[in-house]
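S.K.: Just the structure for this:
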Amino acid sequence: MKYIVLLGDGMSDEKLKVLDNRTPLQAAKTPHMDLMARSGKLGLARTVPKGLPPGSDVANLSVFGYDPRSCYTGRSPLEAASMGVELSPNDVAFRVNLVNLEPARGTLIMNDYSAGHISTEEGRELIEALQRELGDQEFQFYPGVGYRHLLVWRNGKSEIVATPPHDISGQSILEYLPRGDGADRLIYLMNASQLVLNNHPQYRQRLDANKVPANSIWLWGHGKAPKMELFNSRFGLSGAVISAVDLINGIGVCAGLDVIKVEGATGYLDTNYEGKVAAALAALETHDFVYLHIEAPDEASHSGNLDHKLQAIEDFDARVVGPILEGIKRFPAYRILCTPDHPTPLRLKTHTAAPVPFIVYGGEAPGTESSVAGYDEESAKATGVVIDEGFRLMDILLGR
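M.R.: Below is the predicted model of the structure:
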C-alpha cells in the first residue's frame, strides 16, 4: 500500500460576498478534489489544539500524525533542522522575515511581510550582508528560501512574545515589537538591520525595477530544538517530504523522512508543480509514504489577493491532484489524504484554528454516508464527520 498526503496550505476560508456568499473552495473549479470528496471519506478535522497558535507549524505537525501538545517547541527550530543548523539545548532559533516597513499616519506600518516575495538569491545576498555586519558568536544569521531566513541566538532567551508579520499587514508595528526578557536585544538587531539593508545596493536596484525592497528584518517564531519520535518508529513506514519551505522540510528532518528538493519550487504561484508531482510519484517507488506540500494558497491569503487564491486552489487541483490521481494508478494499492493544514481567511490575512475539510480517498477508504456537492467547507460539515484530534488523520489515512 502506498500513502500520500496532498497538503494545500491555507486553502480553507470564509464565505465572501464577492463570491456570492461562497468560499474560495466553493467558487474555484476543482473537479479532481470534487471527485475524491464524492467517492472517499469527507469530513472536518481540528488540526490546531486549543491553547496552541494556529500556525503552519502546529497544524502540519498534526497532519504528519504528531500531537503538537507533546512535541511543539516553536516554528524556527523546525526550520533550523531543515537548513542543517544544529541547536544546542540552550540555543534559541528565530524566523527572520525580510520585510518592507513604510512610514504612515505618524508611525511605521508593516507594508509587506515578504519584501515583495523577494527571490531566494536576493534574500541570501541580504542575509549574508547582515551576518557580516551584525553577526557574532552570540547571534548568527543563516539564509533560507525567499523571504524566510533564520537567526540563532546562542544561549539565548526564550521567554519572549513575538508576533508573525503576516498577522499585522497594514498595521503599526510599534505595539507588536518583541516583548519579554531579552526582547531589547532583538529590537536592537531589527533596528540595526534597517541601516544595513537601506545601504545595500539591492535596495536601489529593486526600487529602480519597481519592486518592493527589503528595508528591515522581523524576528518571530522562536523556540528550542524539539524532540520527535521517528516516523518509521511511530507508523512503521518509510517516507519522504516535498516542500518549498523550510518549516515543512524541517518537520520531515525531525521525523527522519527523506527531504526531496525540487528545482524551481518557490512556495508561490510560480512554483514547479510538475516537478513536485514527478518527484512525489518517483519517491513512492521506493517509499511507503510521501507528504507533498503546496504553499501558494496560504501566500495568496496572507496578501489578501482573492484572484491569486482562486488561481492557487485551481492550480493545486489541476496541476497536483489531477496528475497524482492519474500517476498513482501505477501502484496496485494506494490511499490519498487531501487537506489544508489550517484556514487562512482572506479577510483576516492570517491563520485561524477552525477545523479544515479533509478527504481520504482510495484503497479501502470508506465513503461518506451523505451525498456531497464537492470538496468544500460546507460539504465537509454536512457529513457530520469531525475529527477533534487532527493528528488522528494519519491513522485514518493508514486505515488504523
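S.K.: Domain ranges for this protein, per the record?
M.R.: By the assignment in automatic domain parsing, the chain contains the domains 2-72+228-397, 83-223.
S.K.: Single out the most deeply packed of the ones you listed.
M.R.: Mean neighbours per residue, mean count of other CB atoms under 10 Å, is largest over the domains of the chain for domain 2-72+228-397, with a mean of 20. From N, CA and C alone the C-beta is placed, and that goes for glycine too.
S.K.: For the domains of the chain, give me a markdown table that also has mean pLDDT.
M.R.: Converted to a markdown table, the domains of the chain look like this (pLDDT from 0 to 100):
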| stretch | mean pLDDT |
| --- | --- |
| domain 2-72+228-397 | 95 |
| domain 83-223 | 97 |
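S.K.: Helices along the stretch 301-400 of the chain, start to end?
M.R.: With DSSP state H, counting those that start in this stretch as the criterion, the stretch 301-400 of the chain has helices at 306-316, 322-327, 377-382, 393-397.
S.K.: nearest to residue 82, of those helices?
M.R.: Proximity to residue 82, assessed across those by CB to CB, is greatest for helix 393-397 (20.6 Å).
S.K.: what separates the closest one from the chain centre, distance-wise?
M.R.: Here the centre of mass of C-alpha atoms in helix 393-397, compared against the chain's by CA atoms, centre = their mean, to the nearest Å, lies 20 Å away.
S.K.: what sits against the spatially most central residue of the chain?
M.R.: Residue closest to the mean C-alpha point of the chain, counted by CA atoms, centre = their mean, is residue 56 at 4.7 Å. Residues touching residue 56, when contacts are defined by CB atoms under 8 Å, 6 or more residues apart in numbering, comprise 9, 10, 75, 247, 248, 298, 341, 342, 351.
S.K.: Who are the contact partners of the residue nearest to the first one when sequence neighbours are not counted?
M.R.: Spatial nearest neighbour of residue 9, excluding adjacent residues (CB to CB, 6 or more residues apart in numbering): residue 298 at 3.9 Å. Neighbouring residues of residue 298 by CB under 8 Å, 6+ apart: 9, 10, 56, 344.
S.K.: Try it again at 6 Å.
M.R.: Counting by CB atoms under 6 Å, 6 or more residues apart in numbering, residue 298 makes contact with 9, 10, 344.
S.K.: Checking residue 156 next. Helix, strand or coil?
M.R.: Per DSSP: H, G, I helix; E, B strand; the rest coil, the local secondary structure of residue 156 is coil.
S.K.: and it, how far is that from residue 89?
M.R.: From residue 156 across to residue 89, the span is 12 Å (CB to CB, to the nearest Å).
S.K.: Over to residue 158?
M.R.: For residue 158, the distance to residue 89 equals 11 Å [CB to CB].
S.K.: With residue 79 instead?
M.R.: When residue 79 is compared with residue 89 (using CB to CB), they lie 18 Å apart.
S.K.: what does residue 262 give?
M.R.: For residue 262, the distance to residue 89 equals 33 Å [CB to CB].
S.K.: swap in residue 11?
M.R.: Taking CB to CB as the criterion, residue 11 is separated from residue 89 by 37 Å.
S.K.: Now do the end-to-end distance for stretch 313-331.
M.R.: Distance between the boundary residues of stretch 313-331 (CA to CA, to the nearest Å) amounts to 26 Å.
S.K.: nope, stretch 383-393 is what I was after
M.R.: 16 Å.
S.K.: quick check, distance from it to the centre of its chain.
M.R.: Relative to its parent chain, stretch 383-393 has a centroid offset of 21 Å by CA atoms, centre = their mean.
S.K.: do stretch 293-306 as well
M.R.: Chain-centre distance of stretch 293-306: 10 Å, with CA atoms, centre = their mean.
S.K.: before we move on, the earlier item: which one of the contacts of residue 56 is nearest residue 128?
M.R.: Of all the contacts of residue 56, the one with the least separation from residue 128 (CB to CB) is residue 247, at 21.6 Å.
S.K.: Let me see the contact set for the closest one.
M.R.: Taking CB under 6 Å, 6+ apart as the contact definition, residue 247 lies against 56, 57, 78, 79.
S.K.: redo that, cut-off 10 Å
M.R.: 9, 55-57, 60, 75-76, 78-79, 81-82, 95, 144-145, 148, 221, 293, 295 (CB atoms under 10 Å, 6 or more residues apart in numbering).
S.K.: Let me see the contact set for the nearest residue to residue 75 once chain neighbours are set aside.
M.R.: Among residues not flanking residue 75 along the chain, residue 221 sits closest, at 3.5 Å (CB to CB, 6+ apart). Applying CB under 10 Å, 6+ apart, we find residue 221 in contact with 53, 55-57, 74-79, 93-97, 148, 150, 162-165, 247.
S.K.: do that again at 7 Å, thanks
M.R.: Shown here is residue 221, whose contacts under the criterion CB atoms under 7 Å, 6 or more residues apart in numbering are 74, 75, 76, 94, 95, 164.
S.K.: what helix or strand is the nearest residue to the third one once chain neighbours are set aside on?
M.R.: In other words, residue 76. On the basis of CB to CB, 6+ apart, the spatially nearest residue to residue 76 that is not a chain neighbour turns out to be residue 93, at 3.8 Å. Assessed by DSSP states H and E, residue 93 sits inside strand 92-104.
S.K.: All good on my end, thank you.
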